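**Q** following is a predicted model, sequence given first.
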Amino acid sequence: MTVLTNVVVKQTQFKIGLGIGAALLGLTAAGQSLHLRGSQGLGSPLRISIFVGCCLLACAVFAGGVFLARRQQLSIWLVLLVAGLLRILVLVSPPFLSTALYRYVWDGRVQLAGINPYIYVPAAPELKSLRDQAIFPNINRPDYAVTIYPPVAQMIFRSVARVAQTPYAIKAAAALFDTITIIVLIRLLSSAGKPVAQVVVYAWHPLPIWEFAGNGHIDAAAICFIAVALLAASWRSPALACAALAGAVLVKFLPAVLLPAFWHRQAGRKLGWGAPLAFAAVIVAAYLCYASAGRHVLGFLPGYASEEGVAHETRLFPLALLARFVRLPGWAGAAYYAGAAIGLLALGAAVFLRAWKDATDVPRVAGAALLLATSLTIAIFPHYPWYFAWLLLPCTLLPALSVLYLTSAVFLIYLASYDESLLWPCLIYGPFGLLALRDLIALPRQNHLQRS
């Protein structure tokens, strides 16, 4: 009777998991159907609102999959099957949430022509022969911004361009990096003694599905490098971990904040310098490949910082909220960023200086990475949903309700009225703040119980 009961229970659990997967596929297909072919976006505010509603509902359904996985009631094979189908579904459709991948294609094309991508803006006369009607008209900031993407990202663009210079090639590359990340996460979960089906936190979450396989954002490569860094840390190889982290930084600058999670003091051991040297060596070597650009090798980074940061302090949620009640001085944005930088440096120093008993404890490293990554992301309050996707990597190893909520609620950023009303950022960051307090108390206790 007990055996029969177990069989019935497992069948019921499988059917529930299958139902959740089918619902995710249906909601993704519904969101995809809202795109008007031939257009760069969703069109009317109503269609945008319906799309965001589909994504938020998908996130709510996805939470059921996380619940089953945490209770070891979800098959890893079902997780992988649904994850693959979800990515294929959006991979075969044109991108419509962002035009960033057209710049990726352009940068790869420029490099294949033997030109340093940090030297000329796309509209420069020197690049006239490279223009076409499929890629060039869709590039953002074509007349005043050279590329912003670091050297490893550029190497990826060039490699993809050798195969095909189309948006679908970029999307396929992003999906490939995403697949590698999932494989590495399964290995990390297994080595940490956690249910491998917990990879559902990353594999089924609508955010990486839409932003990587759907829109080809290069962040997928940065996340993949961070996953490899975590794997190297579990192998007791801090130098390799920091080299992989450097690769992530050279795709997207933000992962630099994670360095203290991979290089830190260990109890009873001298501080090794091989890890930071490996980190620095990879960065220097990569930039030397593009040294012909001279002082322009950072590309549009300074200009982008001006557009998105200090020059637009009202884009920062806390200052925008405060501005509703008091008149802010012109230096408010600069003061905010200075305070945020000091806070992040202090947090990084605290992680670095704390003596770790076991530097290969994957959940502990993931916890430090989650804290640092989330703190940086919240400090800059991005206006682009894909900037939040990297939080799901450490969250898969150490599920935090606050981060799961945050990475789901950020679909509200796509609403046409997001920049006109403080309601949406309040709905994103208000509940997140309350849940974060809960997680800061609960997660360390859970980890202690699991290790003991």
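**A** Nice, thanks for sending it over.

**Q** what's stretch 77-85 in contact with?
**A** Outside stretch 77-85, the residues that touch it by C-beta atoms under 8 Å, 6 or more residues apart in numbering are 14, 17-18, 21, 24-25, 65, 69, 182, 197, 199-200, 203-204. Bear in mind the C-beta positions are built from the backbone N, C-alpha and C, glycine included.

**Q** mind listing what's buried in it?
**A** 78-80, 82-83 (16 or more other C-beta atoms under 10 Å).

**Q** again with stretch 149-165
**A** 149-158, 160-161, 165.

**Q** repeat for stretch 287-305
**A** So stretch 287-305, judged by 16+ other C-beta under 10 Å, has buried residues 290, 293, 297-300, 303.

**Q** before we move on, back to that, any chance of the buried residues of stretch 77-85 in JSON lines, plus secondary structure?
**A** Below are the buried residues of stretch 77-85 laid out as JSON lines (DSSP: H, G, I helix; E, B strand; the rest coil):
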{"residue": "78", "secondary structure": "helix"}
{"residue": "79", "secondary structure": "helix"}
{"residue": "80", "secondary structure": "helix"}
{"residue": "82", "secondary structure": "helix"}
{"residue": "83", "secondary structure": "helix"}
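
**Q** now do residue 133 against residue 139, distance only.
**A** Using C-beta to C-beta, to the nearest Å, one gets 12 Å for the distance from residue 133 to residue 139.

**Q** more neighbours, these two?
**A** residue 139 (22 against 7; other C-beta atoms under 10 Å).

**Q** wait, what's in contact with that one?
**A** Per C-beta under 8 Å, 6+ apart, neighbours of residue 139: 99, 102-103, 106, 122.

**Q** out of those residues, who's nearest residue 351?
**A** The closest of those to residue 351 turns out to be residue 103 (C-beta to C-beta; 33.9 Å).

**Q** next, the buried residues of stretch 187-199.
**A** Neighbour counts over stretch 187-199 (16+ other C-beta under 10 Å) mark 187-189, 192, 194-199 as buried.

**Q** which SSE is immediately downstream of the lowest-mean-pLDDT helix or strand in the chain?
**A** Ranking every helix and strand in the chain by mean pLDDT, DSSP states H and E puts helix 301-308 at the bottom, with a mean of 67. Next along the chain after helix 301-308, taking DSSP states H and E as the criterion, comes helix 317-322.

**Q** any stretches of the stretch 251-400 of the chain with poor pLDDT?
**A** 265-270, 303-314, 355-360 (pLDDT under 70).

**Q** now distance to residue 61, neighbour count and secondary structure too, for the contacts of residue 139, in a markdown table please.
**A** What follows is the contacts of residue 139, written out as a markdown table (distance: C-beta to C-beta, whole Å; neighbours: other C-beta atoms under 10 Å; DSSP: H, G, I helix; E, B strand; the rest coil):
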| residue | distance to residue 61 | neighbour count | secondary structure |
| --- | --- | --- | --- |
| 99 | 29 | 16 | coil |
| 102 | 32 | 23 | helix |
| 103 | 33 | 24 | helix |
| 106 | 37 | 25 | helix |
| 122 | 40 | 25 | coil |
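
**Q** just the strands in the stretch 251-400 of the chain please.
**A** Assigned strands in the stretch 251-400 of the chain: none (criterion: DSSP state E, counting those that start in this stretch).

**Q** avg pLDDT for stretch 98-113?
**A** For stretch 98-113, mean pLDDT is 95.

**Q** what's it in contact with?
**A** 40, 95, 117, 120, 122, 127, 130, 135-136, 138-140, 147, 149, 153-154, 157-162, 165-167, 169-171, 211, 215-218, 384, 386.

**Q** now with 6 Å?
**A** 95, 117, 122, 130, 135, 138-140, 147, 154, 157-158, 160-161, 165, 167, 170, 215-216 (C-beta atoms under 6 Å, 6 or more residues apart in numbering).

**Q** CA atoms only: put it into PDB for me.
**A** The C-alpha trace of stretch 98-113 is given here as PDB (Å, rounded to 0.1, in the frame of the first residue of the first chain):
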ATOM      1  CA  SER A  98      15.200  46.200 -27.000                       C
ATOM      2  CA  THR A  99      17.400  47.200 -29.900                       C
ATOM      3  CA  ALA A 100      20.700  46.500 -28.100                       C
ATOM      4  CA  LEU A 101      21.500  43.400 -30.100                       C
ATOM      5  CA  TYR A 102      21.700  45.400 -33.300                       C
ATOM      6  CA  ARG A 103      24.700  47.200 -31.800                       C
ATOM      7  CA  TYR A 104      26.200  43.800 -31.000                       C
ATOM      8  CA  VAL A 105      25.800  42.800 -34.700                       C
ATOM      9  CA  TRP A 106      27.300  46.100 -35.800                       C
ATOM     10  CA  ASP A 107      30.300  45.900 -33.500                       C
ATOM     11  CA  GLY A 108      31.100  42.400 -34.800                       C
ATOM     12  CA  ARG A 109      30.800  43.600 -38.400                       C
ATOM     13  CA  VAL A 110      33.100  46.500 -37.700                       C
ATOM     14  CA  GLN A 111      35.700  44.200 -36.200                       C
ATOM     15  CA  LEU A 112      35.600  41.800 -39.100                       C
ATOM     16  CA  ALA A 113      36.400  44.800 -41.300                       C
END
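
**Q** tell me the buried residues in that stretch?
**A** Those would be 98-111, for stretch 98-113 by 16+ other C-beta under 10 Å.

**Q** now the residues you listed as CSV including distance to residue 363 and secondary structure?
**A** Below are the buried residues of stretch 98-113 laid out as CSV (distance: C-beta to C-beta, whole Å; DSSP: H, G, I helix; E, B strand; the rest coil):
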residue, distance to residue 363, secondary structure
98, 33, coil
99, 38, coil
100, 33, helix
101, 34, helix
102, 39, helix
103, 37, helix
104, 34, helix
105, 39, helix
106, 41, helix
107, 37, helix
108, 38, helix
109, 43, helix
110, 43, helix
111, 40, helix
